[in-house]
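Trainee: Using only what follows, build the 3D model:
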Amino acid sequence: MSRRGWVFFISLGLIWGLPYLLIKVGVESLSPFVVVFARVVIGAAIMLPIALFTGQLRQLKGHWKWVFIFAIVEMTFTFLALTWAEQRISSSLAALLIATVPLTAAIIARSIGLDSRLSGPRLVGLGIGFAGVAALVGLDVSGGDFLSVAAVSITVLGYALGPIIVDRKLSDAPSLAVIAASLAINAVIYAPFAWLTWPTEPVPANAWWSIVTLGALCTAGAFIIFFALIAEVGPARTTVITYINPAVAVVLGVLVLREPLTPGILIGFPLVLAGSFLATRRAPALESEPHG
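Mentor: Numbering: from 1, shown residues only. Next comes the predicted model:
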């Protein structure tokens, strides 16, 4: 990987490990609707002009139906479910549950025929990964938190389905324009809910700064870096970022928010990462398949 690629990779790993901390700070003073609305509005305000002035927004003609579906699946319910859950569970636990996205994506791809083969290592990876989830939930989740875990599972499902929609239905549409339009669509969707739940009491400055950072850096800035990283090192290497973000989130949760480093994290986290790595490895080619 080039020096430029490493800069993008490290930057994105740090940036996409931040949202869990920032959401946790935001929901202490703001409703989940306000947090999500501010996030998507700020992200759209930065990305839409770029998509417009580069001419990419015009290239969405004929794709708007699937852009809307992508916006709903990837952002509408996922952002709200995760933000709501972080009112009740630690940012570290939320991040580690989100780390199961590759496992979920592998199962979905297999079930809809996008990946017809589940090799031995992949099956082992799925087993290891879900053993890690069981450790996280079994050791760290009390009876009152299971609804929050269910909410995070909505986010996991949406994050796993979103890239599949892009790959199958929006592969010839510019990615930056798809993200920019999706953020704008969600800004419209969340505007009335944010207005109804807008705070009537003074909000601490750190809450507002957290939301500004969430929208500007962790949403708009991160996606811009993400596309640059794909262009620099290719999509296959870019997926490795999935294994970095949760570690950053756990470290920030423990050091900044003073969240406990629980047995569930110590046992479940390595299992989830190892399982995700094995479950998403490219299956070996069948001997009967042509090579060339």
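
Trainee: What segments of the stretch 1-150 of the chain are helices?
Mentor: If you assign secondary structure with DSSP state H, counting those that start in this stretch, the helices in the stretch 1-150 of the chain sit at 3-15, 19-26, 32-53, 64-71, 77-85, 91-98, 101-111, 120-140, 146-169.

Trainee: In CSV, list those along with mean pLDDT, mean neighbour count and distance to G253.
Mentor: The C-beta positions use only the backbone N, C-alpha and C, and glycine is treated the same way. Conversion of those to CSV gives the following (pLDDT from 0 to 100; neighbours: other Cβ atoms under 10 Å; distance: least, Cβ to Cβ, whole Å):
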stretch, mean pLDDT, mean neighbour count, distance to G253
helix 3-15, 83, 16, 14
helix 19-26, 94, 26, 6
helix 32-53, 95, 22, 17
helix 64-71, 95, 17, 29
helix 77-85, 95, 23, 14
helix 91-98, 85, 27, 4
helix 101-111, 77, 19, 18
helix 120-140, 73, 18, 12
helix 146-169, 88, 18, 15
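
Trainee: Relative to L157, how far out is L126?
Mentor: When Cβ to Cβ, to the nearest Å is the yardstick, L126 and L157 sit 16 Å from each other.

Trainee: And for H63?
Mentor: Taking Cβ to Cβ as the measure, H63 and L157 are separated by 23 Å.

Trainee: cool, P174 as well?
Mentor: P174 sits at a distance of 26 Å from L157 (criterion: Cβ to Cβ).

Trainee: what do you get for G5?
Mentor: In this view, G5 and L157 are 31 Å apart by Cβ to Cβ.

Trainee: Check F226 too.
Mentor: For F226 relative to L157 (Cβ to Cβ), the value is 21 Å.

Trainee: try L60
Mentor: L60 sits at a distance of 25 Å from L157 (criterion: Cβ to Cβ).

Trainee: just L21 next, same as before
Mentor: 23 Å.

Trainee: And for A151?
Mentor: Relative to L157, A151 is positioned 11 Å away (Cβ to Cβ).

Trainee: Over to G268?
Mentor: Note on G268: its distance to L157, by Cβ to Cβ, is 19 Å.

Trainee: same question, A105
Mentor: Following Cβ to Cβ, the distance that separates A105 from L157 is 10 Å.

Trainee: repeat for E259
Mentor: Distance from E259 to L157, counting by Cβ to Cβ: 25 Å.

Trainee: May I have the phi/psi pair for the residue lying closest to P174 once chain neighbours are set aside?
Mentor: With Cβ to Cβ, 6 or more residues apart in numbering as the measure, Q56 is the residue that lies nearest to P174, at 3.9 Å, once sequence neighbours are left out. Backbone torsions for Q56, taken as degrees, to the nearest 10, come to phi -70, psi -30.

Trainee: List the contacts of Q56.
Mentor: Remark: with contacts taken as Cβ atoms under 8 Å, 6 or more residues apart in numbering, Q56 is in contact with I50, P174, L176, A177, A180.

Trainee: Check A228 too.
Mentor: Listed by Cβ under 8 Å, 6+ apart, the contact partners of A228 are F8.

Trainee: how distant is the helix or strand containing it from the center of its chain?
Mentor: Following DSSP states H and E, the helix or strand that holds A228 is helix 222-233. With Cα atoms, centre = their mean, to the nearest Å as the basis, the distance from the averaged C-alpha position of helix 222-233 to the chain average is 15 Å.

Trainee: Also stretch 212-219?
Mentor: The gap between the average C-alpha position of stretch 212-219 and the chain average comes to 13 Å, counting by Cα atoms, centre = their mean.

Trainee: measure it end to end?
Mentor: Using Cα to Cα, to the nearest Å, the end-to-end distance of stretch 212-219 comes out at 10 Å.

Trainee: In contact with S92, which residues are there?
Mentor: Under the contact definition (Cβ under 8 Å, 6+ apart), the residues listed for S92 are Y20, A249, V250, G253, V254, E259, I265.

Trainee: now, among those, which is nearest to V40?
Mentor: When the contacts of S92 are ranked by distance to V40 (Cβ to Cβ), Y20 comes first, at 17.2 Å.
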